[in-house]
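Colleague: Model the structure of this input:
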Amino acid sequence: MTGWDEEAMARLRAAARRGDGAGGLAALGDRPLGPVLQYAGDVLVAALTEGRPAGEQARRVLAELRERDLPGDAELADEVAAALGTPRTGEPLTPLPVDLGALAAALDDDEPHLLDLHRGDVLPAVDLADDPAFDMAGPAYDPDRWLLIQPGQPACDSTEEARRAHARHWLAAQGHRPAPRTL
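Modeller: Numbers count the residues shown, from 1 in each chain. This next block holds a predicted model:
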């Protein structure tokens with residue numbers, strides 16, 4: 001990725017994970033946005049929410065997302081458009097503090113996982129299956145708390161960008177959108 005070395009990507013990932021608009025703008029700098037549209041959209045939404053001057057970059061990302069049109073791009077474009085003050089085209093989604101990278105890995109895996117709808121954690125279902133207090137068919141399983149991630153739903157492309165978009169698309173189909181994760 002021209003202009004995006006590992007250090008720059010790490011700063012951008014961290015800013016997106018925290019919902020840090022200022023840090024995200026610093027990480028974006030004057031680098032090309034095309035290779036990192038999913039991260040760029042997230043940090044630009046955060047920057048606009050913080051009241052930072054990011055409108056020009058956000059409009060560029062919005063146009064590029066709409067042109068590229070990977071699964072997940074439309075959902076992020078809707079968030080960027082809303083942050084710019086444009087009405088949403090889709091239904092509002094419930095924010096969930098989930099790591100899209102962890103969700104993408106779970107979608108790609110051969111084993112089922114569970115998404116904790118309260119905390120945003122992605123856990124292998126086998127880890128909970130061994131817990132006698134947790135039985136997906138029993139009274140301890142709360143569908144308002146857990147969402148099953150079926151195995152083997154790989155993204156059409158293996159790039160980090162495509163996997164992140166795929167995870168966002170899957171999450172939106174469940175009625176949620178990613179929100180920053182905080183401790």
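Colleague: looking at the chain, which helix or strand does the model trust least?
Modeller: helix 125-129 (a mean of 74; mean pLDDT, DSSP states H and E).
Colleague: and the gap between residue 96 and residue 48?
Modeller: To residue 48, residue 96 is 20 Å away according to CB to CB, to the nearest Å. For every residue, glycine as well, the C-beta is placed using N, CA and C.
Colleague: Looks to me like residue 148 is in a strand.
Modeller: Yes - under DSSP: H, G, I helix; E, B strand; the rest coil, residue 148 sits within a strand.
Colleague: can you give me the helices in the chain?
Modeller: With helices called from DSSP state H, the chain shows them at 6-18, 21-28, 37-49, 55-68, 73-83, 100-108, 125-129, 160-173.
Colleague: List the buried residues of the fourth one.
Modeller: Residues of helix 55-68 classed as buried by neighbour count (16 or more other CB atoms under 10 Å): 57, 58, 61, 62, 64, 65.
Colleague: just to revisit the earlier point, winner for burial among the helices of the chain?
Modeller: Stretch with highest mean neighbour count among the helices of the chain: helix 37-49 (a mean of 26; mean count of other CB atoms under 10 Å).
Colleague: could you dump it to CSV, C-alpha only?
Modeller: Output in CSV follows, covering the C-alpha atoms of helix 37-49 (Å, rounded to 0.1, in the frame of the first residue of the first chain):
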residue,chain,number,x,y,z
LEU,A,37,-11.5,3.4,3.1
GLN,A,38,-13.0,1.3,5.9
TYR,A,39,-10.7,2.7,8.5
ALA,A,40,-10.8,6.2,7.0
GLY,A,41,-14.6,6.3,7.1
ASP,A,42,-14.6,5.3,10.8
VAL,A,43,-12.0,7.9,11.9
LEU,A,44,-13.6,10.6,9.8
VAL,A,45,-17.0,9.9,11.3
ALA,A,46,-15.3,10.3,14.7
ALA,A,47,-13.6,13.5,13.7
LEU,A,48,-16.8,15.0,12.4
THR,A,49,-18.6,14.0,15.6
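Colleague: thinking again about what came up before, distance to residue 179 added to the helices of the chain, as TSV?
Modeller: Converted to TSV, these look like this (distance: least, CB to CB, whole Å):
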stretch	distance to residue 179
helix 6-18	10
helix 21-28	14
helix 37-49	10
helix 55-68	18
helix 73-83	10
helix 100-108	11
helix 125-129	23
helix 160-173	10
